[in-house]
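Asker: Need a 3D model of the following:
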Amino acid sequence: MLELAILGFLAEGPLPGHELRRKVSQLIGYTRPVSDGSLYPAINRLAKAGLLDRQPDSRAGAARFVLSLTEAGHADMLERLRTPADHEITDFTRFFTLLAFLSQLPDVSEQHAVLRRRLAFLETPASFFHDGGKPLRAEEVDDPYRRGVLLTARAVSRTERAWLREVLGEEPSEDAPASPGRSTGPFEPTGAGEATEPTAPAEPTARTTTGDPS
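Answerer: Predicted structure coming up:
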């Protein structure tokens with residue numbers, strides 16, 4: 001999702017390299033710092049592919065560049081937003097990055113199609129802990145810390161699903177809170193859906209939320 005973040009910010013206007021680095025770090029750096037060793041090779045790949053243009057910045061001195069999105073780069077960014085891979089829907093940090101630029105899609109129906117994929121994922125039964133194959137609810141777990149994991153994941157999932165339904169114009173489910181709002185962070189779970197409790201992030205650089213028990 002690093003490349004999407006680069007393309008997304010440049011779609012908002014040309015930026016010098018250091019400013020782009022700051023914006024990308026603020027968006028995704030809370031889970032894993034964005035190093036020069038990852039950012040600049042990504043910029044070079046995109047430039048080589050003709051997706052962004054790099055021009056010397058005369059105001060900033062030697063070795064300083066202003067980056068801008070090309071027409072091909074804009075088209076590529078829209079396609080990434082329109083057809084994200086499954087893991088970009090299920091992994092929270094990846095989805096968070098996708099969500100940050102989703103309004104760039106000019107067609108609201110395409111935006112909503114992406115949100116419906118996330119909602120479907122969150123409503124698929126899953127849990128962190130099982131007993132003989134049976135997913136456990138927080139109320140069925142004795143360990144207070146494991147119970148905390150499940151209760152936190154449940155609250156996060158319900159909040160996100162309520163917000164998604166509001167944006168999509170759908171009726172809230174019985175388990176959804178009255179007032180939607182999103183408050184997830186780097187510590188939320190990963191997994192494959194909702195059932196009893198949500199699951200936790202699968203990748204080192206991302207976090208995923210799943211559904212919750214009712």
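Asker: Which positions within the lengthiest helix in the chain qualify as buried?
Answerer: Taking DSSP state H as the criterion, the chain has its longest helix at helix 144-168. Buried residues in helix 144-168, counted by 16 or more other CB atoms under 10 Å: 147, 149-165. Quick note: C-beta positions are derived from backbone N, CA and C, even for glycine.
Asker: Confirm H87 sits in a helix?
Answerer: Yes - residue state for H87 (DSSP: H, G, I helix; E, B strand; the rest coil) corresponds to a helix.
Asker: on that earlier part again, please tell me how far the longest helix of the chain is from the chain's geometric centre.
Answerer: Put simply, helix 144-168 sits 16 Å off its chain's centre (CA atoms, centre = their mean, to the nearest Å).
Asker: now that helix: mean pLDDT?
Answerer: The average pLDDT within helix 144-168 is 94.
Asker: Could you list every helix and strand in contact with it?
Answerer: Counting by 3 or more CB pairs under 8 Å, 6 or more residues apart in numbering; DSSP states H and E, the packing neighbours recorded for helix 144-168 are helix 108-122.
Asker: any idea of the mean pLDDT for the next helix or strand after the helix it packs on?
Answerer: On the C-terminal side of helix 108-122, the nearest following helix or strand under DSSP states H and E is strand 125-126. Averaged across strand 125-126, the pLDDT comes to 80.
Asker: likewise stretch 74-89?
Answerer: For stretch 74-89, the per-residue pLDDT averages 97.
Asker: Now that stretch - C-alpha only, PDB.
Answerer: The C-alpha coordinates for stretch 74-89 follow below in PDB (Å, rounded to 0.1, in the frame of the first residue of the first chain):
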ATOM      1  CA  HIS A  74      -3.700   8.800 -12.100                       C
ATOM      2  CA  ALA A  75      -5.300   5.900 -14.100                       C
ATOM      3  CA  ASP A  76      -3.300   3.400 -12.200                       C
ATOM      4  CA  MET A  77      -4.300   4.800  -8.800                       C
ATOM      5  CA  LEU A  78      -8.000   4.700  -9.700                       C
ATOM      6  CA  GLU A  79      -7.600   1.100 -10.800                       C
ATOM      7  CA  ARG A  80      -5.900   0.200  -7.500                       C
ATOM      8  CA  LEU A  81      -8.800   1.900  -5.600                       C
ATOM      9  CA  ARG A  82     -11.500   0.300  -7.800                       C
ATOM     10  CA  THR A  83     -10.200  -3.300  -7.600                       C
ATOM     11  CA  PRO A  84      -8.300  -3.900  -4.400                       C
ATOM     12  CA  ALA A  85      -7.000  -7.400  -3.600                       C
ATOM     13  CA  ASP A  86      -8.700  -9.400  -1.000                       C
ATOM     14  CA  HIS A  87      -5.900  -8.800   1.600                       C
ATOM     15  CA  GLU A  88      -6.200  -5.100   1.100                       C
ATOM     16  CA  ILE A  89      -9.800  -5.400   2.200                       C
END
